[in-house]
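K.L.:
got a predicted model here, sequence first, then my questions.
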Amino acid sequence: PLDYEDPTQRDGFNIGVRVYDGRYYATTRLLIRLEDRNDNAPIVSGPQRAQVFEDAPRDTVVAKFSVFDADANDTATDIGKNAACMNSAYKGVIPQNP
């Protein structure tokens, strides 16, 4: 099957085309390029629950997790009702707004 995430298919396919009308032939080369679609769900690795004491000092690490998505150029826009928006290149601390 066609799959943009397969590195061997990312550059597309060159196909030779030859047509014949009963008397004459014509030939050409056709380059077919794949466009990426959002067809892979992101994979989250890490805890599903975490807790922190209400008097924990600022910048306390509550949980660590990683996210992977095979689709190119995807972005994360929401990770919870109180979370800051960020893109997929974001690394580090997720700020909490009071």
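P.N.:
Great, that's in hand. Values in this document were obtained by computation on a predicted structure and should not be read as measured data.

K.L.:
other SSEs contacting the one helix or strand in the chain whose mean pLDDT sits lowest?
P.N.:
Least confident helix or strand of the chain, by mean pLDDT, DSSP states H and E, is strand 66-68 with a mean of 81. Secondary-structure packing of strand 66-68 (3 or more CB pairs under 8 Å, 6 or more residues apart in numbering; DSSP states H and E): strand 43-45. All C-beta atoms are positioned from the backbone trio N, CA, C, and that covers glycine.

K.L.:
quick one: distance of the strand it packs on to the chain centre.
P.N.:
With CA atoms, centre = their mean, to the nearest Å as the basis, strand 43-45 stands 12 Å off its chain's centre.

K.L.:
that strand: partners in the sheet, and parallel or antiparallel?
P.N.:
strand 66-68 (antiparallel) (DSSP bridges).

K.L.:
show me which parts of the partner strand are buried, residue by residue.
P.N.:
By neighbour count with 16 or more other CB atoms under 10 Å, strand 66-68 contains no buried residues.

K.L.:
chain center to it, what's the gap?
P.N.:
Remark: strand 66-68 is offset 10 Å from the chain centroid, using CA atoms, centre = their mean.

K.L.:
what do you get for stretch 57-65?
P.N.:
The mean C-alpha position of stretch 57-65 is separated from the chain mean by 26 Å, CA atoms, centre = their mean.

K.L.:
cool, and stretch 28-39?
P.N.:
Going by CA atoms, centre = their mean, where stretch 28-39 is centred and where its chain is centred differ by 18 Å.

K.L.:
end-to-end on that stretch?
P.N.:
32 Å (CA to CA, to the nearest Å).

K.L.:
now do stretch 9-17
P.N.:
Using CA to CA, first and last residues of stretch 9-17 are 19 Å apart.

K.L.:
tally of neighbours for Leu34?
P.N.:
15 (other CB atoms under 10 Å).
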